[in-house]
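>>> Fold the following, please.
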Amino acid sequence: MGKSEIERFLSHLAINRSVSASTQNQAFNAILFLYKKVLPIELEANIRANRSTKNKRLPVVLSKEDVSQVLRFLSGSALLMTRLMYGCGLRSL
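Next up is the predicted model:
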């Protein structure tokens, strides 16, 4: 395998297999180890593959029913601020 095949393989992992960034990095480091230590072949330094991205999702802390119960006990500006923060995703964990 040359540079282009390695790039295609790492891109395949990210795009088609949807692996995490750490799994993609582990595969890349395994390939580097194979080439440098086992096969003593130098690889080109600029291997550019599509990178995996980390999913950005908030953990579910309260269910919708739990939030509704909490909101029932609030009134006035506290209710307004809580609804605004929760509705805009500004809740702190």
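>>> Might you report the residue contacts of Ser18?
Neighbouring residues of Ser18 by C-beta atoms under 8 Å, 6 or more residues apart in numbering: Ser52. Where you see a C-beta, it was placed from the backbone N, CA and C, and this is true even at glycine.
>>> What is the three-state secondary structure of it?
coil (DSSP: H, G, I helix; E, B strand; the rest coil).
>>> what's the distance between it and Ser4?
Ser18 sits 22 Å away from Ser4, going by C-beta to C-beta, to the nearest Å.
>>> Over to Ala27?
Applying C-beta to C-beta to Ala27 and Ser4 gives a distance of 16 Å.
>>> Can you tell me the closest non-neighbouring residue to Ala27?
Excluding its sequence neighbours, the residue lying closest to Ala27 (C-beta to C-beta, 6 or more residues apart in numbering) is Leu13, at 6.0 Å.
>>> coming back round to it: Ala27 and Ser4: which is more packed in?
Neighbour count, other C-beta atoms under 10 Å: between Ala27 and Ser4, Ala27 has more, with 18 against 10.
>>> doesn't Ser11 make contact with that one?
No: counting by C-beta atoms under 8 Å, Ser11 is not a contact partner of Ala27; they are 11.3 Å apart.
>>> Return the residues in contact with Ser68.
So Ser68 contacts nothing (C-beta under 8 Å, 6+ apart).
>>> Mind pulling the model confidence for the residue found closest to Val19 once you drop the neighbours it is linked to in the chain?
What sits nearest to Val19 in space, not counting adjacent residues and going by C-beta to C-beta, 6+ apart, is Leu13, at 4.8 Å. Predicted confidence (pLDDT) for Leu13: 88.
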